[in-house]
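S.K.: Sequence first, then the predicted structure:
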Amino acid sequence: MTNNMFFIANWKMFGDLKSINSTKKVIKFSKIKKYRKAQIVYCPPFTLINQFSKITKNSNIKIGGQNCHQNLKPGPFTGNVNSNLLKLAGAKFVILGHSESRASGDTNHLINLKIKSALKNNLKVILCIGETLSEKKRKKTNKIIKSQLVNCLKNVKKNKNIIFAYEPVWSIGTGIIPEVENLKKQILTIKNMILQLWKLKNPKVLYGGSVSSKNIDELKKITFINGFLIGGASQKANNFIDIIKKTII
Ligand code: 13P
């Protein structure tokens, strides 16, 4: 485990102005020498990005969006936010291909266009990949992940600004995490797929799905995981801090 691991908080459609205050504790924590290299990123709902950017301005904490529209130029796209608007609000990262966004219509092709637009705006992309329970049961995991990688990265050149997050859909919000040995193999397989696709050695691959302070000791046994994408457990400052403390020892 290195001390520059990623801890990405995906707040989904949770949080309000009051909850921003609770992150002050995390900001303070992030300044402790031992944890200064941890790459903490908050991805709050769009409407809170600006406030988050302001409050974290004098810290190493970065802000990200949870999705973006594929168009680079402004346009009549009611209800959407593009990578340019994210950047203007202070975001440096964007989560793309989350299974919850895929469930509401994001295809691999659309995600590919979104990745290109985000990279053009110098946002770092957190690309989510992972199989559903039924795909896992049908032993289609690797086939699905490979097709997500190949199609989402079509005509995208080898790029260090893309971080990958393996999020098995059956693990998100269920409290169930993969067996460590299986997860180890899966992360290695993904790293190999990226190596073959891009000739990129040591791509950053995170794990996401029910990460908590209770199971982090188990998950961190996989020394080559580059960090975690955390939903529910990132919403309470103490839980989030606990996860980081237990990982970086
Ligand atoms: P949970 O940590 O709540 O399972 O959510 C995981 C997730 O979807 C992060 O993107």
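M.R.: Cool, got the structure. Everything numeric in this text was worked out from a predicted model, so none of it was measured.

S.K.: What helices and strands are in contact with the longest helix seen in the chain?
M.R.: For the chain, the helix that runs over the most residues, judged by DSSP state H, is helix 180-198. Contact partners of helix 180-198 among helices and strands, from 3 or more CB pairs under 8 Å, 6 or more residues apart in numbering; DSSP states H and E: helix 141-152, strand 162-166, strand 205-208, helix 216-219. No exception for glycine: its C-beta is placed from N, CA and C like everyone else's.

S.K.: orientation of that helix relative to strand 162-166 in degrees?
M.R.: In terms of direction (axes from the mean of the first three to the mean of the last three CA atoms, to 10 degrees), helix 180-198 departs from strand 162-166 by 150 degrees.

S.K.: Would you mind pulling the contact partners of helix 180-198?
M.R.: Contacts of helix 180-198 from elsewhere in the structure, counted by CB atoms under 8 Å, 6 or more residues apart in numbering, are 129, 141-142, 145-146, 149-150, 153, 158-159, 164, 166, 177-178, 200-203, 205, 207, 218-219, 221-222, 224-225.

S.K.: Mind checking which of those are buried?
M.R.: Burial by neighbour count, judged by 16 or more other CB atoms under 10 Å, picks out 129, 141, 145-146, 149, 153, 164, 166, 177-178, 203, 205, 207, 219, 222, 225 from the contacts of helix 180-198.

S.K.: what residues are up against the closest residue to the ligand within the chain?
M.R.: Nearest residue of the chain to the ligand (CB to the nearest ligand atom) works out as residue 231 at 2.2 Å. Taking CB under 8 Å, 6+ apart, we find residue 231 in contact with 10, 11, 12, 172, 173, 208, 210, 211.

S.K.: Report the contact partners of the last one.
M.R.: Listed by CB under 8 Å, 6+ apart, the contact partners of residue 211 are 177, 219, 228, 229, 230, 231, 233, 243.

S.K.: Out of these, name the ones that lie in helices.
M.R.: Per DSSP H, the contacts of residue 211 map to helices at 219, 243.

S.K.: Next, give me the two most distant ones among the contacts of residue 211.
M.R.: Maximum pairwise distance among the contacts of residue 211 (CB to CB): 14.2 Å, between 219 and 231.

S.K.: Assess the claim that residue 90 and residue 48 are in contact.
M.R.: No: using CB atoms under 8 Å, residue 90 is not in contact with residue 48, being 10.7 Å away.

S.K.: who has more neighbours, these two?
M.R.: Counting neighbours by other CB atoms under 10 Å for residue 90 and for residue 48 shows that residue 48 has the greater number, 20 against 17.

S.K.: what about the more buried one, is that helix, strand or coil?
M.R.: helix (DSSP: H, G, I helix; E, B strand; the rest coil).

S.K.: Give me the local confidence score for it.
M.R.: Note on residue 48: pLDDT of 96.

S.K.: show me what contacts it?
M.R.: Counting by CB under 8 Å, 6+ apart, residue 48 makes contact with 11, 15, 16, 17, 20.

S.K.: I'd like to know how many residues surround the first one.
M.R.: So the one you mean is residue 11. The burial count for residue 11: 20, using other CB under 10 Å.

S.K.: for the second one, same thing?
M.R.: By the other CB under 10 Å criterion, the neighbourhood of residue 15 contains 20 residues.
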